[in-house]
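K.L.:
next come a sequence and a model predicted from it.
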Amino acid sequence: MKMIIILLLGYLLGSIPSGVWIGRLFFQKDIRKYGSGNSGTTNTFRVLGKTAGVSVLIMDILKGTLATSLPLLLHSDLPKLWVGLAAILGHTFPIFANFKGGKAVATSAGMLLGYSPLFFVYSAAIFAIFLLITSTVSLSSMISAVLITLSTFILPFIAPMILPEFDWLLSVLAICITAFIFYRHKDNIKRIKDGTENRVPFGLRKDDKKKSEK
């Protein structure tokens, strides 16, 4: 029963719709009616601005981190990653926002932070590098998810200081989350192929879209 309660708490933490609540409270907007219609960090940046975007990013990461830490905080033997996964499902299908949520990237990062802070830093560095190279959040998220998944198999053997031991549960969840991230980005993939995907205003390819429009 205790394990079920912890998993439920993890889901409820993940279900906190940061973008929706911040949009309604401070901007009187339902972010799901603007931009991509997504309630996650990227659309928040695009629709509500930097301050709101950073706030949602931090909140979404912390949801995953706190949920993953619940077994430790509540003295349970339940694997941390299961509760982190519950938070990811809550973020994607939030009960507090009619089950219409984000794409799970930030909350997945929060799960990694709760699981292994050093591996989180490593993963965040991968994302940052590809964001600078591509200037595209969606593409960077998908590439990073693949590389992070591969890293769960490789790092324990070549860089144990980052990931000390192979954890089959981490690798299996990484594969599942990566597949889910690709599924949630199916519209973005189409826009990337068409050359119409939005780019951030920094990085090596920030001006590509502007040039194509001239």
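P.N.:
Looks like it came in fine.

K.L.:
now do the nearest residue to Asp187 once chain neighbours are set aside against Thr42, distance only.
P.N.:
The shortest distance from Asp187 to any non-neighbouring residue, by CB to CB, 6 or more residues apart in numbering, is to Ser36 (7.6 Å). C-beta: built from backbone N, CA, C; applies to glycine. Noted for Ser36: a distance of 7 Å to Thr42, by CB to CB, to the nearest Å.

K.L.:
and Tyr115, what does it touch?
P.N.:
68, 80-81, 84, 170 (CB atoms under 8 Å, 6 or more residues apart in numbering).

K.L.:
now for Phe153, how many residues are close by?
P.N.:
15 (other CB atoms under 10 Å).

K.L.:
what pLDDT is listed against it?
P.N.:
Phe153 carries a pLDDT value of 97.

K.L.:
so where does it fall, helix or strand?
P.N.:
If you go by DSSP states H and E, Phe153 is part of helix 137-158.

K.L.:
what sits against Leu74?
P.N.:
With contact taken as CB under 8 Å, 6+ apart, Leu74 is in contact with 2, 6.

K.L.:
next up, phi/psi of it, please.
P.N.:
The phi/psi pair for Leu74 (degrees, to the nearest 10) reads phi -100, psi 10.

K.L.:
same check, this time on Glu165
P.N.:
phi -150, psi 150.

K.L.:
how about it: what's its closest non-neighbour residue?
P.N.:
Per CB to CB, 6+ apart, closest to Glu165 is Pro156, 5.3 Å.

K.L.:
state the distance from that neighbour to Arg24.
P.N.:
Taken as CB to CB, the span from Pro156 to Arg24 is 44 Å.

K.L.:
quick one: which of the two has more around it?
P.N.:
When Pro156 and Arg24 are compared for neighbours, Pro156 comes out ahead with 17 against 13, by other CB under 10 Å.

K.L.:
was I right about the more buried one contacting Pro164?
P.N.:
Yes: counting by CB atoms under 8 Å, Pro164 is a contact partner of Pro156 at 6.7 Å.

K.L.:
how is this structure divided into domains?
P.N.:
1-115, 116-205 (automatic domain parsing).
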